[in-house]
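**Q** build the 3D model from these lines:
(chains A and B)
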Amino acid sequence: MEYRYLLAGINISLISIVFIVFGIFSGNSIVLGISLSTLVLGVLLITIGLTYVPPLHDLLKTYSNDLTMFANKLLEDSGLISSHEIRICYNKDIIQAVFTNGAIDCRKVLPGIGIVDNVPYISFPVKDIVSILETEYSIGEGIELRDYLKDILVNRYIVSRDIIVDRENSVFKIELWSLTKDAKELLNKPVNPIRIIVPVFVSRFFERNIIVMDEEIIGNNYVIKMRVG
Amino acid sequence: MEIMDREIIIYAILLTIVIISFILIGETRPDVYLSISILIYFIYTSISRNIRLRAKLTVLDISLLTVFSVIVVYRILTILEWI
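**A** A predicted model of the protein is given here:
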């Protein structure tokens, strides 16, 4: 979505509609004709505004898909594909999304592929996305986790239409309500941005490690349960 | 200026030229203004690929094509004196 075009389109369309009404009631067919022509421009701008895709978007999407395939292959070769769990290892200097099949000491995890106490893992550093968002979304007193996640996942990246957060002690159940088509497509692969970014933002919010306990896709909703460590 | 901005401005200028031309020749039929605007839209967006590459215009295409068809059918029926 591109608000500049949308705003211009709405303005042009509204003015055109006013003149169309004027043209009809005054019987001035030239004004009516001009207004109808202008309405085409207005509707075109609204359509562009609503459906605009940034130029690099498609290329990055393809590249991201290729990288995801590579990450999935790594997961497969490490024997983690069927029985892995996701942990987010939080550190002031680096945040890592770790795929492993057992308890692992976050302090010993390094970005890449490795083994800690006979437990294999694959770790992705995800500091960039968090640091970009930190300049736009502040975490402070009085800000709820739901509002923070909603701002990022619903309002900015439109991953889903709404978000529900339930808390039971240190266990959080986060429900992404009514996933968008793009988000649902991403969830088909074992390693995908949605599975990673939700616990990453929770980890950033609490500045703690996260263990993803359960995930489920129910209809058009994605439910993820995690423990804040 | 972005390519997209430039292309939209060119489309707006084309539309303005056509509208002014119609006013100058004294055209008073509103459906002529509308149908020519729709034609310009289709021709311009076919030649200039950027708009179509960056925006999804399918719904607008179908809507405008329907409006254009209705205008053409209306004109044919008028010529045949069926309405």
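
**Q** can we go C-alpha only for contacts and neighbour counts from here?
**A** Fine.

**Q** am I right that residue A:166 sits in a helix?
**A** No - according to DSSP: H, G, I helix; E, B strand; the rest coil, residue A:166 belongs to no helix; its state is strand.

**Q** what's the least confident helix or strand in the chain, going by average pLDDT?
**A** Let's take chain A. Every helix and strand in chain A was compared by mean pLDDT, DSSP states H and E; the lowest is helix A:127-134, with a mean of 72.

**Q** let's do chain B instead
**A** helix B:49-54 (a mean of 83).

**Q** past that one, which element shows up next along the chain?
**A** helix B:58-79 (DSSP states H and E).

**Q** which other residues reach that following helix?
**A** A:43, A:44, A:47, B:31, B:35, B:38, B:42, B:83 (Cα atoms under 8 Å, 6 or more residues apart in numbering or on different chains).

**Q** cool, and stretch A:153-161?
**A** So stretch A:153-161 is contacted by A:162, A:163, A:176, A:177, A:178, A:179, A:180, A:182, A:183 (Cα under 8 Å, 6+ apart).

**Q** if you set the cut-off to 7 Å instead, what comes out?
**A** The contact list for stretch A:153-161, computed with Cα atoms under 7 Å, 6 or more residues apart in numbering or on different chains, reads A:162, A:176, A:177, A:178, A:179, A:180, A:183.

**Q** check whether the fourth one really touches residue A:223, as I assumed.
**A** No - in terms of Cα atoms under 7 Å, residue A:178 does not count as a neighbour of residue A:223; the distance is 10.8 Å.

**Q** the residue of chain A found nearest chain B: neighbour count?
**A** The minimum distance from chain A to chain B, using Cα to the nearest Cα, falls at residue A:33 (3.8 Å). For residue A:33, the count of nearby residues is 27 (other Cα atoms under 10 Å in any protein chain shown).

**Q** wait, a helix at it?
**A** Yes - assessed by three-state DSSP, residue A:33 belongs to a helix.

**Q** state the helix or strand in which residue 11 lies.
**A** You didn't say which chain, so I picked chain A. Residue A:11 belongs to helix A:3-26, assigned by DSSP H and E.

**Q** switch to chain B, please.
**A** Counting by DSSP H and E, residue B:11 is found in helix B:3-24.
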